[in-house]
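Asks: Take a look and give me a structure for this.
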Amino acid sequence: MQLWRKYFFVAHGLFALIFAISLMIFISGNFKNELHHMADLSRIERDTLINTLEKWYRLNAEPRDIIEHCRQYAENDIFLEVKEDGQVLVDTIDKKIRGKQGLSQPIHKSNGNEYLTLLDSFKNYQGNTISVLYAKNIHPVYEHHYQRILQGIALFSLCNIIVALLLYQMMKKIYQPIENIAHELRTPLTTIQGYSDYLIRVKTDEEENFFVAEQINGQAIYLKELIEKLLIIGNLKDQPIHVEQFSLAECLSDFKTIYPNLTIHGTLPKLRGNEVLIKALFSNLLSNAYRESQDVWITAEGATIQVGNRGNKLRPELLNKLNQGLSLKEKEISGLGKGVMICHEIMAYHHGKLSYTSDERGTIATLRFREQDVQG
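Replies: Numbering: from 1, shown residues only. Okay, here's the model as predicted:
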């Protein structure tokens, strides 16, 4: 697994963990606040009920009036048990609410509902003890809590997917210029290595030494410039790329030595752009074309330049990937990979377009530059 993918999984895992914990704390906090609020309201209702009962006892109210008043509470999901010295006066409460533990817990469950229970007592004018067991149905609070949990799971899943996609694309975009640089290092480094081996293995005179040193120095300069340009294209460096007018024929002169069978049809124009990037563009196109066929050619006509070969026809799905600028796996086709993506990026930087066509006669890469950037 590539290093940046490992970083992606670690970063995304940390985000998911922190977000999940934060969401759980938020949902649990809301639930506790609602329970506390409900408990406060219940205490007020219980105290109001007890004050009313005390007043009625002072006024010598009939027991049936007290019983009728207490039964009305059931309409609001409030259930009561009122006793006078142990004798039950009112009982609208489900016995299961107490459970085996009696009233040791304030919240009890019965018939699928949760009840908040409160117990209090007072002395009436006769000195008898009036005990009141208050039980309020708070199942709606739990229903809201369960709904928030489901909403939290949905929110977590959605945010997780969105962040994962954004983070993956961002890290891939950051790492892509590094991959491109690694890809482009191969050609100049191979040249430098070749000349270095030549100096080590072959006795050379002063003139040859100078020529080889000049080639190594030229490749080193090209390598340095290319890395700088690719870093800037990848937005890893905040500085502009130098653009100037240059001769495409002179830019590609080295390739006649590298590819002896290369033929050029038409007159290569002068281009306005960055010479280092354009050279890297044609280096990739020619390298890919040459690996498929030894018969490689370049045709220039106005603002359109084509690089083609006489290789086998490409599969439609592979051709579609080439035109989209997607990186190809080594098993898909020999010699094509990150270079395709780099070529599209360089053309996009020069406000041009790269497209591929392929048939039984071979494969053609067509470069279309802006008319104002081309001078015949």
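Asks: give me the beta-bridge partners of L367?
Replies: Note on L367: beta-bridge partners by DSSP bridges are I305, L354.
Asks: per-residue confidence averaged over the helix of greatest length in the chain?
Replies: Identified as the longest helix of the chain according to DSSP state H is helix 139-201. Helix 139-201 shows a mean pLDDT of 83.
Asks: Give me the average confidence score over the following helix or strand past it.
Replies: Per DSSP states H and E, helix 139-201 leads on to helix 206-233 as the next helix or strand towards the C-terminus. What helix 206-233 shows for mean pLDDT is 75.
Asks: again with stretch 43-54
Replies: Stretch 43-54 shows a mean pLDDT of 86.
Asks: go on, stretch 7-27?
Replies: 91.
Asks: send the alpha carbons of that stretch over as CSV?
Replies: Extracted in CSV, the C-alpha atoms of stretch 7-27 (Å, rounded to 0.1, in the frame of the first residue of the first chain):
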residue,chain,number,x,y,z
TYR,A,7,-1.9,8.4,5.9
PHE,A,8,-5.4,8.8,4.5
PHE,A,9,-6.7,5.8,6.5
VAL,A,10,-5.0,7.1,9.7
ALA,A,11,-6.3,10.7,9.2
HIS,A,12,-9.8,9.5,8.3
GLY,A,13,-9.9,7.1,11.2
LEU,A,14,-8.9,9.8,13.6
PHE,A,15,-11.6,12.1,12.2
ALA,A,16,-14.3,9.4,12.4
LEU,A,17,-13.3,8.6,16.0
ILE,A,18,-13.3,12.2,17.1
PHE,A,19,-16.5,13.0,15.3
ALA,A,20,-18.3,9.9,16.6
ILE,A,21,-17.3,10.7,20.2
SER,A,22,-18.3,14.4,19.8
LEU,A,23,-21.7,13.3,18.4
MET,A,24,-22.2,10.8,21.2
ILE,A,25,-21.4,13.5,23.8
PHE,A,26,-23.8,16.0,22.1
ILE,A,27,-26.7,13.5,21.9
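Asks: Name the residues of it that are buried.
Replies: Residues of stretch 7-27 classed as buried by neighbour count (16 or more other Cβ atoms under 10 Å): 8, 11-12, 23, 27. All C-beta atoms are positioned from the backbone trio N, CA, C, and that covers glycine.
Asks: Could you look up the SS state of L326?
Replies: coil (DSSP: H, G, I helix; E, B strand; the rest coil).
Asks: from what I can see it touches G339, true?
Replies: No. Here L326 does not reach G339: they are 12.0 Å apart, not a contact under Cβ atoms under 8 Å.
Asks: Could you check which of these two is surrounded by more residues?
Replies: Taking other Cβ atoms under 10 Å, L326 and G339 do not tie; G339 has more neighbours (23 against 12).
Asks: State the distance from the more buried one to G325.
Replies: According to Cβ to Cβ, to the nearest Å, G339 stands 11 Å off from G325.
Asks: Remind me which helix or strand I130 belongs to.
Replies: I130 belongs to strand 129-137, assigned by DSSP H and E.
Asks: Now tell me what touches that strand from outside.
Replies: For strand 129-137, contacts defined as Cβ atoms under 8 Å, 6 or more residues apart in numbering pick out 38, 42, 45-46, 49-50, 53, 57, 77-85, 93-94, 97, 103, 108, 113-124.
Asks: What about those, which are in strands?
Replies: Those of the contacts of strand 129-137 mapping onto strands are 78-84, 108, 113-123, per DSSP state E.
Asks: Filter these down to the buried ones and hand me the ChimeraX line.
Replies: Buried members of those can be picked out in ChimeraX with the line below, counting by 16+ other Cβ under 10 Å:
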select :78,79,80,81,82,83,84,108,113,114,115,116,117,118
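Asks: and the strand or helix carrying R5, what does it pack onto?
Replies: R5 is part of helix 3-58 when elements are defined by DSSP H and E. In this structure, helix 3-58 makes packing contacts with helix 63-72, strand 78-84, strand 113-123, strand 129-137, helix 139-201, judged by 3 or more Cβ pairs under 8 Å, 6 or more residues apart in numbering; DSSP states H and E.
Asks: before we move on, back to that, could you dump the buried residues of stretch 7-27 into CSV and include distance to L199?
Replies: Shown next, in CSV, are the buried residues of stretch 7-27 (distance: Cβ to Cβ, whole Å):
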residue, distance to L199
F8, 44
A11, 47
H12, 50
L23, 65
I27, 71
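Asks: between the residues you listed, which is closest to L166?
Replies: L166 has its nearest neighbour among the buried residues of stretch 7-27 in H12, at 10.1 Å by Cβ to Cβ.
Asks: Strands along the stretch 201-350 of the chain, start to end?
Replies: 244-247, 263-265, 270-273, 296-301, 304-309 (DSSP state E, counting those that start in this stretch).
Asks: For A348, which of these is the nearest?
Replies: Proximity to A348 (Cβ to Cβ) singles out strand 270-273 among the strands of the stretch 201-350 of the chain, at 11.9 Å.
Asks: Show residues contacting the closest one.
Replies: By Cβ under 8 Å, 6+ apart, strand 270-273 touches 243-248, 278, 350, 369, 372-376.
Asks: Go through those and flag which are in helices.
Replies: If you go by DSSP H, the contacts of strand 270-273 have 248, 278 in helices.
Asks: Can you tell me which of the contacts of strand 270-273 is nearest H265?
Replies: For these, the nearest to H265 is L248 (13.6 Å; Cβ to Cβ).
Asks: So the closest residue to the closest one other than its chain neighbours versus T304, what's the distance?
Replies: Spatial nearest neighbour of L248, chain neighbours left out: L268 (4.2 Å); criterion: Cβ to Cβ, 6 or more residues apart in numbering. Using Cβ to Cβ, L268 is found at 12 Å from T304.
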